[in-house]
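Visitor: attaching a predicted model along with its sequence, questions to come.
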Amino acid sequence: MRHLSLPLHVRRRAAWPLVPAALLLLAGVAAAADTWQQHRLDRTVGLATMTELNVPTSPAFTLLGVNPAQVARPGFAHDLNLDLIVKDDRLVSDLAVDIQPVWMLAFAGTSVAEYQRMGWLRHTLSTLSLSLATSQRDSISSLAYGLRLTLYRQTDPMLDQAYVDGIARLLDLAPPERDLELQMGALEADLELLEDELRDADDPAAIVDLRREIDQRRQTLATLTAVMVQLDARTAEFLHQYETAYRARHWNDAVLDAGCGQILNYDNTEVRELRFTENGLGVWLNGAVGIGPDLQATALWKYLEFDRGIERFAGLNLRYGDADMTGFLEILWNGSDARQLGFGGELRVNGTAAVEAGLHATLDDSFELKQLTPEVKVNLSLLKKLL
């Protein structure tokens, strides 16, 4: 995003839209722990709650234009995400926090059957993402919030009956777990009865026998618990492999997002107060489509209106790779300004983190190099990180 010299008139009232956005963010974070506990239970009862097919760009970072890949990656993730920008070998003040408040507050624990009965509108509202971000470029400091809706998804795992049936089959392959649970329940009930008898026993020989039986049942219960842990780990690994294979087949499926938000530039030289110097509103459309199994073409159109004027942005991006690692090449237009060429890549680590790096070359009208800008972004899925 291009920043010009700032006007000195102050519009402090422009900050008020950040208040409901911040309250909504806090409400989502407060519900996050309970929501993720429900996600953990979903694995055992067979609910298909697989999250993102890829790692989408933070809506606020899309608005600010500070992502290593300027052409944002559309999509939706059921998670609490943190994005950090690394520049010049140090962390800079580019930080974004993303939540999905509608999903967390209204859809947590929804069964597959209930979800599949819902219409397009409710499915679309469930993808609402809210993010708050800070950024500093040159001498300009910015606050921003962004809202994003996924209007179209070629693939929604919870609507893919083949995927749902596959999850159910995997869970049905582990009947020993249910048998073990019954045995462990019976042992625990026996232990309670034996301990009650031990408390009431007076005969020394009976006390010795009861203690021996209690020790034997505790050892058996410990053995069954260890077996149960191993079976749970095996089932979780099967589910992980199944989801990984599904993601590999669908990572570049078509997606269309729409977003809006606000940018507030401010003067951070004042210690006692935050003095806003400029207000900007923006909207954007962001779409992607797969080209074969290894390519994804992405386009972004963005419109920004500041006090000083209007900015328009458009870009095309081509990604090559798979669900875990991609490289990209992109071209950007920003009104009548110099063009940009960018390239870089993204690496996803264990589904809980992703690292994206990019290098952009700014060219003037005669295609002479004016500036090189390297950036690295680290994305953390915080709720998964808590497990």
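Guide: Thanks, I have it. Here the structure is a predicted model, which means the values were calculated and not measured.

Visitor: within the sheet, what are the partner strands of whatever helix or strand A314 lives in, with directions?
Guide: Assessed by DSSP states H and E, A314 sits inside strand 309-321. Pairing partners of strand 309-321, with direction, according to DSSP bridges: strand 295-306 (antiparallel), strand 325-333 (antiparallel).

Visitor: tell me which helix or strand A113 sits in.
Guide: Counting by DSSP H and E, the secondary-structure element that holds A113 is helix 112-117.

Visitor: heading C-terminal from that helix, find the next helix or strand.
Guide: Criterion used, DSSP H and E; the element after helix 112-117 is helix 120-125.

Visitor: per-residue confidence for V29?
Guide: Per-residue confidence at V29 stands at 44 (pLDDT).

Visitor: again, but for the one 10 residues further on
Guide: Looking at H39, its pLDDT reads 38.

Visitor: C-alpha coordinates for stretch 346-354, PDB please?
Guide: Coordinates of each C-alpha in stretch 346-354 appear next as PDB, following Å, rounded to 0.1, in the frame of the first residue of the first chain:
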ATOM      1  CA  GLU A 346       5.500 -20.500   2.100                       C
ATOM      2  CA  LEU A 347       6.300 -23.400   4.400                       C
ATOM      3  CA  ARG A 348       3.700 -25.000   6.600                       C
ATOM      4  CA  VAL A 349       4.900 -26.800   9.800                       C
ATOM      5  CA  ASN A 350       2.800 -29.500  11.400                       C
ATOM      6  CA  GLY A 351      -0.400 -27.600  10.800                       C
ATOM      7  CA  THR A 352       0.300 -25.200  13.700                       C
ATOM      8  CA  ALA A 353       2.700 -22.700  12.100                       C
ATOM      9  CA  ALA A 354       3.500 -21.300   8.700                       C
END
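
Visitor: what comes up buried for the helix or strand hosting T134?
Guide: If you go by DSSP H and E, T134 is part of strand 129-137. In terms of neighbour count (16 or more other CB atoms under 10 Å), strand 129-137 has its buried residues at 129-135, 137. For every residue, glycine as well, the C-beta is placed using N, CA and C.

Visitor: and if you look at stretch 134-151?
Guide: Neighbour-count burial for stretch 134-151 flags 134-135, 137, 140-150 (criterion: 16+ other CB under 10 Å).

Visitor: what do you get for stretch 199-212?
Guide: Neighbour-count burial for stretch 199-212, counted by 16+ other CB under 10 Å, picks out 201, 210.

Visitor: run through who's touching that stretch.
Guide: Counting by CB atoms under 8 Å, 6 or more residues apart in numbering, the neighbours of stretch 199-212 from elsewhere in the structure are 194, 197-198.

Visitor: count the residues that sit near the nearest residue to G344 once chain neighbours are set aside.
Guide: Distances taken as CB to CB, 6 or more residues apart in numbering place G358 nearest to G344, at 3.3 Å, with adjacent residues excluded. Neighbour count of G358, defined by other CB atoms under 10 Å: 20.

Visitor: ok, L380 to Y115 distance?
Guide: Relative to Y115, L380 is positioned 27 Å away (criterion: CB to CB, to the nearest Å).

Visitor: meant to ask about N252
Guide: In this structure, N252 and Y115 are separated by 24 Å, where distance is defined by CB to CB.

Visitor: helices - which of the contacts of stretch 199-212 land there?
Guide: 194, 197-198 (DSSP state H).

Visitor: circling back to that earlier point, how about JSON lines for the buried residues of strand 129-137, with distance to R339 added?
Guide: Shown next, in JSON lines, are these (distance: CB to CB, whole Å):
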{"residue": "S129", "distance to R339": "30"}
{"residue": "L130", "distance to R339": "32"}
{"residue": "S131", "distance to R339": "28"}
{"residue": "L132", "distance to R339": "31"}
{"residue": "A133", "distance to R339": "26"}
{"residue": "T134", "distance to R339": "28"}
{"residue": "S135", "distance to R339": "22"}
{"residue": "R137", "distance to R339": "19"}
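
Visitor: buried residues, the helix holding A113. List them.
Guide: Neighbour-count burial for helix 112-117, with 16+ other CB under 10 Å as criterion, is recorded at 112, 115-116.

Visitor: relative to T326, which of the residues you listed is nearest.
Guide: Closest approach between the buried residues of helix 112-117 and T326, by CB to CB: Y115, at 29.1 Å.

Visitor: nearest to R339, of the contacts of stretch 199-212?
Guide: Among those, L194 lies closest to R339 (CB to CB), at 79.9 Å.

Visitor: next up, the contacts around the closest one.
Guide: With contacts defined as CB under 8 Å, 6+ apart, L194 is in contact with 210, 213-214, 217.

Visitor: among those residues, who's most crowded?
Guide: Neighbour counts for those peak at L210, which has 19 neighbours (criterion: other CB under 10 Å).

Visitor: so for D179, what's the pLDDT?
Guide: For D179, the model assigns a pLDDT of 74.

Visitor: so when I look at it, I'm seeing a helix, right?
Guide: Yes. If the criterion is DSSP: H, G, I helix; E, B strand; the rest coil, then D179 is within a helix.

Visitor: what number of residues lie near it?
Guide: For D179, which is what you asked about, the neighbour count (other CB under 10 Å) is 11.

Visitor: what are the boundaries of the helices in the chain?
Guide: Taking DSSP H, the helices of the chain run over residues 18-45, 59-64, 101-102, 112-117, 120-125, 161-172, 175-200, 204-250, 382-385.

Visitor: take the ones you listed and write them to a markdown table, including distance to R73.
Guide: Compiled in a markdown table, those are given as follows (distance: least, CB to CB, whole Å):
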| stretch | distance to R73 |
| --- | --- |
| helix 18-45 | 21 |
| helix 59-64 | 9 |
| helix 101-102 | 21 |
| helix 112-117 | 24 |
| helix 120-125 | 19 |
| helix 161-172 | 22 |
| helix 175-200 | 38 |
| helix 204-250 | 14 |
| helix 382-385 | 19 |
